[in-house]
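Colleague: Fold the following.
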Amino acid sequence: MKTAAGTETKEVMDALLEGRSSAAPVEEFVERDLAVTFACRVPDFDTSRYLSLRESRQMERSAVLAMAAALDAVGDVPLETVAAPERIGVAVGAGAGGLTATEELTGEYGSDPGQMPAFSVPRTMASGAAARLSLRLGARGSALTYATACASGTNAIGEAVQKIRHGELDVVVAGGVEASVSPMVVSGFARMRALSQRNDEPAAACRPFDVERDGFVMAEGAAFLVLEEWEHAQARGATVLGEVLGYGSNSDAFHIVAPREDGRSAADCIRLALDDAGLAPEDVGHINAHGTSTVHNDRAEARAITNVFGDSGPPVTASKGVLGHGLGAAGAMEAAVTALSAASGLVPPVANFGRADEDTAKLDIVAGTPRKIGKLPALSNSFGFGGHNATLVIAP
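Modeller: Numbers count the residues shown, from 1 in each chain. Below is the predicted model:
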């Protein structure tokens, strides 16, 4: 994982278990006096471990983050020794695609487009990260990009699982990436009143399910998993972190940005994932909620959870209080956190959660300190703009 809370998995999990927010002021936003002057940005790391200088100059930031996170996931084992190249695939979730690269290029060359750099088009392609990864990994199976707003990373993982189940592929490197901490993107979300505007206390800004929530915090990042069929992984002696037992996906068909207030479609999505996993609601150990920290989304998700689990559902956490909202990357980051939490039996608390309101009072929010629950299956929810809903069931 490459997140604002750290660029190594242990760093990220330590921050989550401590409930330590990674939101901080962005100098450019402060200088330009934007309505929102903070975000969650990935700290500098040594990209030369993953890319040559020439490659990194030709790539947009999201593609660089995707490459680094994916290569971390693959590790030192060459994939060509794991499966035939045509049986290896790539699946990438990306909500905004090359939007920030387009913003940069327009700002620099808009008045003189004839001077546009030669690699401008590959840098702005929404499919750029998937294409780069397939090139690097020698993956000659499908290399697909999923753009379903905030559900993109979850859909990428879920659809990759389906390809393995259906026998199309043996191995898929799947995840999500986003690098949309830019003046245009942040200002656009601010104009929609979707972002928290706590400029004086950014670390306290993202507070999922809390009565004082007032919007999400924009984040960038990337997370990838190496997915393969269980027996295939065992046969090669792979270290297995967990198992994707179930996947569900549907649409609200309700509004371009607002969720269904009753959470009915999101509840149906959760049920689809549970049915796919062959589990009952009482089998679930915890839920890593979408938990954006917006009034309407948290309310709708809370209603969806109680619709499925009743008034005494499993413990609920939400990673965005620490990591911010990584849009297309969020679902993949949270799926990775869910897998790690399920494997350890330790659920991180929701950062900045103090008190529920009437909409969220029925949820068993993990607050203050981590919750020990044992090694049990867990849900990871993603509910995005456009009514895109996706849920994964992940077991240790």
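Colleague: Number of residues surrounding the residue nearest to Leu346 when sequence neighbours are not counted?
Modeller: Leaving out its chain neighbours, the residue that sits closest to Leu346 by CB to CB, 6 or more residues apart in numbering is Pro370, at 5.0 Å. (C-beta placed from N, C-alpha, C; glycine too.) Pro370 sits with 18 neighbouring residues when counted by other CB atoms under 10 Å.
Colleague: got a list of what Pro370 touches?
Modeller: Going by CB atoms under 8 Å, 6 or more residues apart in numbering, Pro370 touches Leu17, Leu346, Val347, Pro348, Pro349.
Colleague: and with 10 Å instead?
Modeller: Leu16, Leu17, Glu18, Gly19, Thr317, Ser341, Ser344, Gly345, Leu346, Val347, Pro348, Pro349 (CB atoms under 10 Å, 6 or more residues apart in numbering).
Colleague: ditto for Pro259
Modeller: Applying CB under 10 Å, 6+ apart to Pro259 gives the contacts 252, 265-266, 290, 292, 294, 296-301, 303-304, 383-385, 387, 389.
Colleague: Restricted to strands, list the contacts of Pro370.
Modeller: Residues of these located in strands (DSSP state E): Thr317, Leu346, Val347.
Colleague: ok, and the most crowded of those?
Modeller: The most crowded member of the ones in strands among the contacts of Pro370, judged by other CB under 10 Å, is Thr317 (31 neighbours).
Colleague: Leaving out the residues flanking it, which one is nearest to that residue?
Modeller: Leaving aside its sequence neighbours, Thr317 sits nearest to Val366 (CB to CB, 6+ apart; 4.7 Å).
Colleague: looking at it, that neighbour is touching Ser319, isn't it?
Modeller: No: between Val366 and Ser319 there is no contact under CB atoms under 10 Å: 11.2 Å.
Colleague: what do those two both touch?
Modeller: Listed as contacting both Val366 and Ser319 by CB under 10 Å, 6+ apart are Ser341, Pro348, Val350.
Colleague: Name the member of the residues you listed with the most neighbours.
Modeller: Counting neighbours by other CB under 10 Å, Ser341 comes out on top of those with 32 neighbours.
Colleague: distance of the closest residue to that one other than its chain neighbours from Thr338?
Modeller: Spatial nearest neighbour of Ser341, excluding adjacent residues (CB to CB, 6+ apart): Val347 at 5.3 Å. Distance check for Val347 against Thr338: by CB to CB, to the nearest Å, it reads 9 Å.
Colleague: Please enumerate the shared neighbours of these two.
Modeller: Common neighbours of Val347 and Thr338, using CB under 10 Å, 6+ apart, are His286, Ile287, Asn288, Thr317, Ala378.
Colleague: Show me which residues of stretch 286-306 are buried.
Modeller: Across stretch 286-306, burial judged by 16 or more other CB atoms under 10 Å covers 286-294, 297-306.
Colleague: cool, stretch 10-18 as well?
Modeller: Val12, Met13, Ala15, Leu16, Leu17.
Colleague: List of residues touching it?
Modeller: 1-6, 8, 20-22, 43, 221, 223, 317, 319, 321-323, 333, 336-337, 340-341, 344, 346-351, 369-370.
Colleague: pLDDT of it, averaged?
Modeller: Mean pLDDT, computed over stretch 10-18, is 98.
Colleague: could you pull out the helices for the stretch 101-250 of the chain?
Modeller: Ranges of helices in the stretch 101-250 of the chain, per DSSP state H, counting those that start in this stretch, are 120-124, 128-137, 152-165, 183-191, 230-235.
Colleague: related to what we said a few turns ago, buried among the contacts of stretch 10-18? Make that a PyMOL selection.
Modeller: To isolate the buried members of the contacts of stretch 10-18 in PyMOL, using 16+ other CB under 10 Å:
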select buried, resi 1+2+3+4+5+6+21+22+221+223+317+319+321+322+323+333+336+337+340+341+344+346+347+348+349+350+351+370
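Colleague: out of the contacts of stretch 10-18, which are inside helices?
Modeller: Using DSSP state H, Gly321, Val322, Leu323, Met333, Ala336, Val337, Leu340, Ser341, Ser344 are the members of these that sit in helices.
Colleague: ok, the nearest residue to the fifth one once chain neighbours are set aside - contacts?
Modeller: Here the nearest residue to Ala336 in space, its sequence neighbours aside, is Ala223; by CB to CB, 6+ apart that works out to 4.6 Å. Contacts of Ala223 were listed using CB under 10 Å, 6+ apart, and they are 1-3, 9, 12, 65-66, 69-70, 72-73, 93, 153, 157, 174-177, 323, 326, 329-337.
Colleague: at 7 Å instead, please
Modeller: Contacts for Ala223 (CB atoms under 7 Å, 6 or more residues apart in numbering) come out as Met1, Ala69, Gly175, Gly176, Ala329, Ala332, Met333, Ala336.
Colleague: Who does it form a beta bridge with?
Modeller: Gly176 (DSSP bridges).
Colleague: so Val36, which of the three states?
Modeller: Under DSSP: H, G, I helix; E, B strand; the rest coil, the three-state class of Val36 is coil.
Colleague: swap in the one 3 residues further on?
Modeller: Three-state call for Ala39 (three-state DSSP): strand.
Colleague: just use 58 as the starting number from now, easier for me
Modeller: From this message on, residue numbering opens at 58, which makes the last subject Ala96.
Colleague: burial count for it?
Modeller: For Ala96, the count of nearby residues is 26 (other CB under 10 Å).
Colleague: So what's the residue count around the residue nearest to Glu143 when sequence neighbours are not counted?
Modeller: Leaving out its chain neighbours, the residue that sits closest to Glu143 by CB to CB, 6+ apart is Arg197, at 4.5 Å. Using other CB under 10 Å, Arg197 has 13 neighbouring residues.
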